[in-house]
Every structure is written in C-alpha cells, then in structure tokens.
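Enquirer: Here's my sequence, what's the structure:
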Amino acid sequence: MTTRVAINGASGRMGRELIKACAQRDDLVLAAAFGSPDSDQLGLDAGRLAGIAECGVALAGSQTMPDSDFDVLVDFSLPGPSIAALAICLEKQAALVIGTTGYSDAQQAEIDAASARIAIVQAPNYSAGVNLTLDLVARAAAALGPDTDIEIIEAHHRHKVDAPSGTALKLGDVAARATGRDLRDCAVYTREGQTGERPDGAIGFATVRGGDIVGEHTVLFAGQGERVEVTHRATSRQTFAGGAMRAAVWAAARKPGAYDMNDVLGLSER
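Expert: Numbering: from 1, shown residues only. Sure, this is the predicted structure:
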C-alpha cells in the first residue's frame, strides 16, 4: 500500500531534503508540497526544487492545503503555520509528523489535545542516531547520579531561528528525568558577568550558531576527577529526512495518539 504524503515547509532546507527522501521510497508518493503563500518559488515542480527529477507536484501556498488529499502531513515549518496545518489535518483525519520546534505552551497544548483524534508523531529530531543518543544519555545520567554536573552544548547553521535546539532541550529533559529533576526548575540558559558558583543540580545549555553546521549535540557529564561526553554529529540532513519519512509511513497506519521516534523505532517496546 502506498501512503500519500504532503510536506509543509517544502521550500526550506529541510523541506527539500524531505522531498528527496520521499522520492527514494517505494511505499510513499508525494501528494502535495506547501510553502509560504508569499514564496517566490510557488508553482515550481517540487522535484526540481529539491534538485532531483521532476515529480509532477508543484509547490503550492499553504493556504491551498484544505484542497489537497493526503494520508499524512510531514511538517517542518514554523510554529504558526504548523498549528494552522494541524487544524487541517484534524478536518481531514490525516496523520501528522511534526519536526517543527519552538512552540509556545499554548500551541503545544493544542497539539497534545489533537492527538486524541489523529495520530501525531512529534520529535525534536528524526535521526535514529540522535534517538539512540537520548537513550544513552538517560542511562549515563541515571548511573552517574545527580551529583555529576551536566552541560549541553549544541551547534547549528546560522539560519536556525530558535535556541536552544529542540534536540538539546530533549536531551536536557531526558537527563533531568533520569536524575529525578524537572528541567523547568534546573535549566540555565545564559551566563554573563559575575554569575557566582555553579548551582547544585543545574543543567546548563550553550548554543553555537554559524555557517552551514547541520547539527551537533554534546552532553557533558563532569564529575570529580572524570568526565563523560556523549556526542552526536550530523553531516547530512538526509539523516533527519529519511527518519521523518519512515515516521510518516508508520503514523499513517496508527490509531489516534501521541507518539515519538522511540515508538517508530520500536525502542519503547524494549
């Protein structure tokens, strides 16, 4: 059975990689590709936009989404357009794969509520390697204990608009939970001037933005006399795009619910 997939944010860097990843699968067909209504690329063939063979699907403005038919929408856009797409998925009873990050608490609450009616896979990162890293970080944090200082360093390209990255925040959340903490209570996002000694139990974040860095994350566990570092480096966006398309096929066959990449990869069943 072939799954009809639509891509929201198709004209962006990640969107183009998603088009390529879709074309590489026999179980997916690109049904629609959406971009900003004011994009100067509207009307271009999505395949040509992605640098591959033409596919017969033209990039359309997101306002045309209600007129398209698809089984699952893969969304790598911005929080506002993403929430608008969520409403359309609810109307169509289409599954949703979310790669967008930076939602407000109210927007996240809308997504959570919608999962009672449609299948939603939401992950800050669709790389199998990153999801394995999350598992390793949870194990390391639990083994080393709350007395070990935890710092998270992340780096992305100069065009990324949110910080820290969604993946960095997820890594922090996993480490906090594994040591009996709530990230909202212990996260430190900025340091400047006379900060004083490092607070006990804090989880610090450092952000790098520059050039064309695809994505790098390091979780540093610093104890007395030893240091453990868990690092993931991505060198191609196809790592994420391929995982998102895998999630799309998986989500299209699922009942309503809130899922993540652990579910898609079968890690939740271990």
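
Enquirer: Quick check: end-to-end length of stretch 6-16?
Expert: End-to-end distance of stretch 6-16: 12 Å, with C-alpha to C-alpha, to the nearest Å as the criterion.

Enquirer: Also stretch 38-56?
Expert: Termini of stretch 38-56 sit 21 Å apart (C-alpha to C-alpha).

Enquirer: for it, which positions count as buried?
Expert: Residues Ser39, Leu42, Leu44, Asp45, Ala46, Gly47, Leu49, Ala50, Ile52, Cys55 are the ones in stretch 38-56 that count as buried (16 or more other C-beta atoms under 10 Å). (Each C-beta comes from the backbone N, C-alpha and C, glycine too.)

Enquirer: what do you get for stretch 80-91?
Expert: Residues Pro81, Ser82, Ile83, Ala85, Leu86, Ile88, Cys89 are the ones in stretch 80-91 that count as buried (16+ other C-beta under 10 Å).

Enquirer: Next: stretch 19-28.
Expert: For stretch 19-28, the neighbour count (16+ other C-beta under 10 Å) marks Ile19, Lys20, Ala21, Cys22, Ala23, Arg25, Leu28 as buried.

Enquirer: try stretch 131-138
Expert: Going by neighbour count (16+ other C-beta under 10 Å), the buried part of stretch 131-138 is Asn131, Thr133, Leu134, Val137, Ala138.

Enquirer: ok, residues contacting it?
Expert: For stretch 131-138, contacts defined as C-beta atoms under 8 Å, 6 or more residues apart in numbering pick out 123, 125, 170-171, 174-175, 177-178, 217, 219, 230, 232, 261-262, 265, 267.

Enquirer: Looking at the residue nearest to the spatial centre of the chain now. What's its pLDDT?
Expert: With distances taken as C-alpha atoms, centre = their mean, Pro124 lies nearest the centre of the chain, 2.8 Å away. The score at Pro124 is 83. That number is its pLDDT.

Enquirer: got a list of what the closest residue to Arg139 other than its chain neighbours touches?
Expert: Excluding the flanking residues, the one nearest Arg139 by C-beta to C-beta, 6 or more residues apart in numbering is Ala178, at 7.7 Å. Neighbouring residues of Ala178 by C-beta under 8 Å, 6+ apart: Val137, Ala138, Arg139, Ala141, Ala142.

Enquirer: Now do the third one against Val230, distance only.
Expert: Taking C-beta to C-beta, to the nearest Å as the criterion, Arg139 is separated from Val230 by 9 Å.

Enquirer: ok, Val29 - contacts?
Expert: When contacts are counted by C-beta under 8 Å, 6+ apart, Val29 touches Thr2, Thr3, Arg4, Val5, Cys22.

Enquirer: Considering these, which is situated nearest to Lys255?
Expert: Checking these against Lys255 by C-beta to C-beta gives Thr3 as the nearest, at 15.7 Å.

Enquirer: Kindly indicate whether the nearest residue in space to Gly9 that is not next to it in sequence is helix, strand or coil.
Expert: Once flanking residues are discounted, Gly9 sits nearest to Ser77: 3.5 Å by C-beta to C-beta, 6+ apart. Here Ser77 is coil, with the state taken from DSSP: H, G, I helix; E, B strand; the rest coil.

Enquirer: Just confirm Ser77 contacts Ile98, I think it does.
Expert: No. If you go by C-beta atoms under 8 Å, Ser77 and Ile98 don't touch, sitting 9.6 Å apart.
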